[in-house]
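Peer 1: after the sequence you'll find the predicted model.
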Amino acid sequence: MRRLYTSLLAFGTLAGVALSPAIATDLSVPKAMPVEAKAADPVIGFSFGSRYQTDYNFRGVSQSNLQGSYQTFFEAQFLNNFAYAGFATYQTRLPTRPDMEFDLIAGIRPTFGKFAFDLGVL
C-alpha cells in the first residue's frame, strides 16, 4: 500500500512539473480590456469595514484596558477616490467610562505618476 502511495505521489509531481509551462503560458501576456468594455470611473464610492483588535493602544497607552476592542469605519470617496470623508469608531474601556471613541476623517488622495499621497485630517 505504501508503494502505491509513493507511486501516486511521484506521478502527481511529474505531471505537475510537466504541465506547469503550459499553464504559465497564459500568464506571460497581460490581457487588456477593450475600450468599450471598461466601466466609467465612479463619481462617488463607498468603503466600510470592521475588525477586532486584541488590545487597542494609542501612543503606548491601552485604550481598551488590555482587552479586545471592536472597531468599524465608513468612508465616502468622491471624484474617483480623489477626496474622501468618513468616520471611525473604537470600543474603549477607560476609567472615565466612555463607551467608544468616534473620529471624523476627511482628506484628499492625489497621485502623480507612480506616487500616491494621502493628505487628511482626523
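Peer 2: That came in fine, so what should we check first?
Peer 1: tell me where this protein has helices.
Peer 2: Using DSSP state H, the helices of the chain run over 2-24.
Peer 1: quick one: low-confidence parts of it?
Peer 2: The model of the chain has pLDDT under 70 over residues 1-30, 33-38.
Peer 1: can you tell me the centre-most residue of it?
Peer 2: What sits nearest the mean C-alpha location of the chain, by Cα atoms, centre = their mean, is G49, with 9.6 Å.
Peer 1: enumerate every residue touching it.
Peer 2: G49 makes contact with T72, F73, according to Cβ atoms under 8 Å, 6 or more residues apart in numbering. Heads up, the C-betas are built off the backbone N, CA and C, glycines and all.
Peer 1: do Y84 as well
Peer 2: By Cβ under 8 Å, 6+ apart, the contact set of Y84 is E75, A76, Q77, F78, I105, A106, G107, I108, R109, G120.
Peer 1: please convert the buried members of those residues into PyMOL selection syntax.
Peer 2: A single PyMOL command is used to select the members of the contacts of Y84 judged buried by 16 or more other Cβ atoms under 10 Å:
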select buried, resi 75+77+109
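Peer 1: quick check: D55 touching G68?
Peer 2: Yes - with contacts counted by Cβ atoms under 8 Å, D55 reaches G68, the gap being 7.4 Å.
Peer 1: in JSON lines: the contacts of Y84, plus distance to K31.
Peer 2: Listed next are the contacts of Y84 as JSON lines, based on distance: Cβ to Cβ, whole Å:
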{"residue": "E75", "distance to K31": "31"}
{"residue": "A76", "distance to K31": "32"}
{"residue": "Q77", "distance to K31": "27"}
{"residue": "F78", "distance to K31": "30"}
{"residue": "I105", "distance to K31": "36"}
{"residue": "A106", "distance to K31": "37"}
{"residue": "G107", "distance to K31": "34"}
{"residue": "I108", "distance to K31": "32"}
{"residue": "R109", "distance to K31": "27"}
{"residue": "G120", "distance to K31": "35"}
